[in-house]
Structure formats: structure tokens, C-alpha cells
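Enquirer: predicted model and sequence below, questions to follow.
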Amino acid sequence: MQTPNSFTTLFVLISMAMWPLGASAEMQTLRSSDLTGLERVEDTGFLEFYQNPDLGNFGFTSIYIAPAVNAVAPRYIYEQSLRPRHIDELTVDFHARMVAGFEATGLLTDEPDEDSLVITPSLTYVTEYDEWTTGTHLGGQRVQDRLRGRTVMEMTWHAGPGGELVAAFRDGRMPHIYTDVSDREDRFTDARDSFDAWAGQFASFFLPEPQDATN
């Protein structure tokens, strides 16, 4: 597997349009005891990032993207007049976009073994895209009438199915108010853009280094 020499130098912004949310809470899908043996890495661009200090030496030969998990607290779902099935449908899309993003690595497998890096994404918070309208043909045209969707995810990396936890991430994104809206008819359009951003960001860790041009 193509592994980075230093994970702390690889965190780049996928798009200046996607702004991280403020760090306001600890990870929800893991307990503090689950992180024993991992080191918290600061200034990575993620809200939280923990890794095994020997991560680069595990020698993974394939990557398995596990189905994404709906870890959004029910109170957040119902407060938005949503239902768990809406978030379940989003997790299916999140998984599909992660898989699509990792295709270019050539490392994906459908049957993980002890030498596979098992990546499990989870959704922990989602809000909808919305815009106010005036009931006229001008409704919804003003940028200041937009309410952009927030999305928070957590992700674990394990050494093989049910194996050792080697890395954990928490990150949140919300497009800038002036960023173009991908699909104004889709109330989860901003969440889907975040899925694509994360898929590209994490997949880039495993892509071959670009070769210098030669004469």
C-alpha cells in the first residue's frame, strides 16, 4: 500500500469553499479508553485526529470501506422534523462516495483480511440546506437568504476486521454562504458535497506521489 511518510504534513484543503466547523465536543463514537495507545495530532485541519505512532509501518495491502454508520443523536434528527431513515439514506450515499473516491488508489477490496485497512465512516450531525423565499419570482435569489447545511463525521481506521484501532478522526464542514449550491432542490446538497470532499481528501493519502516530468 502507498502510505505517507508523515501523516501530519498531508492535510490540505480540498476546497476553500468548505470551512471546518468549530471544535465544540469530543468524539461521540469512541470512548476515551478506545483511544489508549493513540497520540492526538494537533494542527492537522481536522477537529480531532488520533493515530498510532507506528501507523506507517503496518504494511497494509488493501483498503476496505465499511458501510457508514448513522450515529446522529435522535434528538437532533427529530428537532429538524426528520426521521432516522433520512440519515440512514445519507449514510448509504456517504459510503458510495467514499468508495468512488478511493477507486483511483487501486487498493479497494470487498473481502478484507488481517492485512487490510478497514475504514468506517460515521455521521454524527447533519442539518439541511434551506433558503427563504418571498413567494415572488425573485424568491430565493439573494445569497443572504441561504442557510447552509452542516455536516459532522467521525471515522475509524482498524488493522483488519475487528482489529486494532490505528487512527480516528472527527471533522465538520459547512460551505461558505457565498459558495454555489450544487443542487437547490436537494435539502442535503451540502452534506453530499462534504462527503465528496472527505472522500477525495482521505483517498489522496494513498495515491502515488506525482512523478517529476523528465525531458
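Expert: Done, it's in.
Enquirer: quick one: the helices in the chain, in order.
Expert: Per DSSP state H, the chain carries helices over the ranges 74-79, 84-102, 189-204.
Enquirer: would you reformat these as a markdown table and include distance to H158 and mean neighbour count?
Expert: The way it works is simple: take the backbone N, C-alpha and C, and place the C-beta from them, glycine included. Shown next, in a markdown table, are the helices of the chain (distance: least, C-beta to C-beta, whole Å; neighbours: other C-beta atoms under 10 Å):
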| stretch | distance to H158 | mean neighbour count |
| --- | --- | --- |
| helix 74-79 | 27 | 12 |
| helix 84-102 | 15 | 18 |
| helix 189-204 | 15 | 22 |
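Enquirer: wait, which of the ones you listed is closest to L55?
Expert: Closest approach to L55 among the helices of the chain is made by helix 189-204 (13.8 Å; C-beta to C-beta).
Enquirer: convert the C-alpha atoms of that closest one to PDB, please.
Expert: Extracted in PDB, the C-alpha atoms of helix 189-204 (Å, rounded to 0.1, in the frame of the first residue of the first chain):
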ATOM      1  CA  THR A 189     -26.900  19.000  -1.100                       C
ATOM      2  CA  ASP A 190     -24.300  20.500   1.300                       C
ATOM      3  CA  ALA A 191     -23.900  17.200   3.100                       C
ATOM      4  CA  ARG A 192     -23.200  15.400  -0.200                       C
ATOM      5  CA  ASP A 193     -20.600  18.000  -1.100                       C
ATOM      6  CA  SER A 194     -18.900  17.300   2.200                       C
ATOM      7  CA  PHE A 195     -18.900  13.600   1.500                       C
ATOM      8  CA  ASP A 196     -17.100  14.200  -1.800                       C
ATOM      9  CA  ALA A 197     -14.600  16.500  -0.100                       C
ATOM     10  CA  TRP A 198     -13.800  13.900   2.600                       C
ATOM     11  CA  ALA A 199     -13.600  11.100   0.100                       C
ATOM     12  CA  GLY A 200     -11.100  13.000  -2.000                       C
ATOM     13  CA  GLN A 201      -9.100  14.100   1.000                       C
ATOM     14  CA  PHE A 202      -8.700  10.700   2.600                       C
ATOM     15  CA  ALA A 203      -8.100   8.900  -0.800                       C
ATOM     16  CA  SER A 204      -5.300  11.400  -1.600                       C
END
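Enquirer: and it with helix 84-102, angle?
Expert: Helix 189-204 runs at 30 degrees relative to helix 84-102, counting by axes from the mean of the first three to the mean of the last three C-alpha atoms, to 10 degrees.
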